[in-house]
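Undergrad: What follows is a predicted protein model with its sequence.
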Amino acid sequence: MAGFIAVHTGAGNCIDENKYQRVIKEACIRATEVLRNGGSAVDACEAAIMRLENCGHTNAGFGSNLCLDGSVQCDAAIMNGTTLNFGACTNVSRVKNPIQLARRICDGQSEQQPLERIPPMVLAASGAEQYAEQIGCAMVDPNVLISSKAKFHYNHYKSKYDMVVGSSKSVDDVVPEPGNEVELTAALDTVGAVCVDGAGNTAAGCSSGGILLKVPGRVGQAATYGAGCWATDTDELAIATCTTGNGEYLMKTLLAREICNGAFSSDCAVTSLHKTFKQKFLDSPLLPQQQDLYAGALTLLYYPKQNSGEVMWSHTTQSFCVGYMATTQKVPKFVHSPLPTYSVPGRSCVVNGHNFHLRI
């Protein structure tokens with residue numbers, strides 16, 4: 001089956017693109033193999049994110065950021081643009097691939113339950129892990145998901161946190177050292193994928209370990225309906241998007257759904273994304289205007305009647321690493337997207353993209 005996949009490893013302010021390039025390409029290749037073998041957009045999206053979760057370089061699955069208490073808690077979600085089903089899990093520590101669990105929850109939305117019970121859409125913590133075991137997801141000891149990289153970053157920032165909390169000054173009174181103002185937001189490497197298959201069906205998914213030193217039990221945008229991913233298919237336009245950045249701000253603005261809604265009311269994808277990021281995020285009355293607002297989004301638009309589409313990446317951070325590949329391509333394309341030098345991170349947005357055509 002024909003198809004097109006795009007993936008990202010997060011928008012950030014200090015990204016070494018070299019460490020992401022290989023895994024992004026591997027995720028694209030894995031997803032296109034699934035599509036060529038007859039898999040659906042949801043199948044390919046899940047396969048791509050599983051590869052990103054397993055690599056150890058990203059903040060998802062193995063290698064996820066650690067909570068304030070040193071534990072690992074992961075979030076993931078996936079949405080089917082054709083059925084509009086959504087599934088998510090949050091605060092899971094023993095599920096090897098959280099996106100696999102999210103996928104099963106998503107599929108379960110179409111299954112009838114005894115006594116007219118409504119299938120769950122989001123499962124959390126121990127309940128989610130029990131469900132994952134019951135349906136056959138791969139389970140691991142929580143320590144297996146903690147990489148040496150994640151442990152190093154945790155020890156580094158936890159010591160700084162303890163120094164601040166243990167000082168006579170309040171956290172708000174401590175002035176960060178020059179150049180360290182955005183240390184904890186330097187790498188917002190939540191992962192995500194968007195896909196369209198030969199039948200014109202789209203899917204979007206995301207996976208994240210959350211922000212470093214988060215409060216245990218915190219739920220991020222990767223598990224929040226309308227914030228982390230969204231997908232909607234119509235006869236005229238099918239669209240899928242996944243987001244990354246400051247999770248609480250993405251949740252407050254429901255940015256993923258706003259991006260899709262904006263695309264349906266515009267004739268130009270670039271204009272639509274600029275407008276959504278500006279009006280619904282950067283200038284949103286829901287967000288603190290004195291703060292730098294970091295976000296990124298990977299968006300796929302497909303026009304079924306033309307068998308063509310666009311993949312767009314947009315971000316307010318200094319950089320964003322993405323990759324994409326059609327089933328007709330032999331090698332994937334990797335893109336390291338920088339914010340223009342004249343733009344201010346957290347205050348302005350850049351939008352770029354690429355056109356593609358499916359050979360049905």
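TA: In hand now; what should we look at?
Undergrad: so which strand or helix has residue 204?
TA: Taking DSSP states H and E as the criterion, residue 204 maps to strand 202-208.
Undergrad: Please name every helix or strand in contact with that strand.
TA: helix 41-54, strand 74-80, helix 98-108, strand 191-197, strand 229-233, strand 238-245, strand 295-303 (3 or more Cβ pairs under 8 Å, 6 or more residues apart in numbering; DSSP states H and E). For every residue, glycine as well, the C-beta is placed using N, CA and C.
Undergrad: tell me the mean pLDDT for stretch 213-230?
TA: Across stretch 213-230, pLDDT averages out at 97.
Undergrad: next one: it to chain centre, how far?
TA: Mean C-alpha position of stretch 213-230 versus that of the full chain (Cα atoms, centre = their mean, to the nearest Å) differs by 10 Å.
Undergrad: Please point out which parts of that stretch sit buried.
TA: 213-214, 218-230 (16 or more other Cβ atoms under 10 Å).
Undergrad: Quick check: the gap between residue 135 and residue 86.
TA: Going from residue 135 to residue 86 by Cβ to Cβ, to the nearest Å gives 17 Å.
Undergrad: Can you give me the separation between residue 190 and residue 316?
TA: From residue 190 over to residue 316 (counting by Cβ to Cβ), the distance is 15 Å.
Undergrad: Need the helices and strands packed on strand 202-208 in CSV (columns: distance to residue 156).
TA: Formatted as CSV, the helices and strands packed on strand 202-208 follow (distance: least, Cβ to Cβ, whole Å):
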stretch, distance to residue 156
helix 41-54, 23
strand 74-80, 21
helix 98-108, 25
strand 191-197, 22
strand 229-233, 31
strand 238-245, 22
strand 295-303, 24
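Undergrad: low-scoring stretches of the stretch 51-200 of the chain, by residue?
TA: Low-confidence segments of the stretch 51-200 of the chain (pLDDT under 70): 168-189.
Undergrad: What segments of the stretch 251-360 of the chain are helices?
TA: 255-264, 269-275 (DSSP state H, counting those that start in this stretch).
Undergrad: out of those, nearest to residue 115?
TA: Of all the helices of the stretch 251-360 of the chain, helix 255-264 sits nearest to residue 115, with 31.5 Å by Cβ to Cβ.
Undergrad: Residue 135 and residue 86: which is more packed in?
TA: Neighbour count, other Cβ atoms under 10 Å: between residue 135 and residue 86, residue 86 has more, with 22 against 12.
Undergrad: how about the nearest residue to the more buried one, chain neighbours excluded?
TA: Residue nearest to residue 86 in three dimensions, not counting chain neighbours: residue 79, with 4.6 Å by Cβ to Cβ, 6 or more residues apart in numbering.
Undergrad: do you know how far the one you found is from residue 231?
TA: Residue 79 is 5 Å from residue 231, by Cβ to Cβ.
Undergrad: Next, show the common contact partners of these two.
TA: 203, 204, 240 (Cβ atoms under 8 Å, 6 or more residues apart in numbering).
Undergrad: Which one of residue 190 and residue 316 is surrounded by more residues?
TA: residue 190 (35 against 28).
Undergrad: tell me the contacts of the more buried one?
TA: Residue 190 touches 10, 58-60, 206-208, 220-222, 228, 243-245, 247, counting by Cβ under 8 Å, 6+ apart.
Undergrad: Could you check how far it is from residue 243?
TA: For residue 190, the distance to residue 243 equals 8 Å [Cβ to Cβ].
Undergrad: cool, and residue 9?
TA: Distance from residue 9 to residue 243, by Cβ to Cβ: 13 Å.
Undergrad: and if you look at residue 141?
TA: 30 Å.
Undergrad: cool, and residue 84?
TA: Using Cβ to Cβ, residue 84 is found at 18 Å from residue 243.
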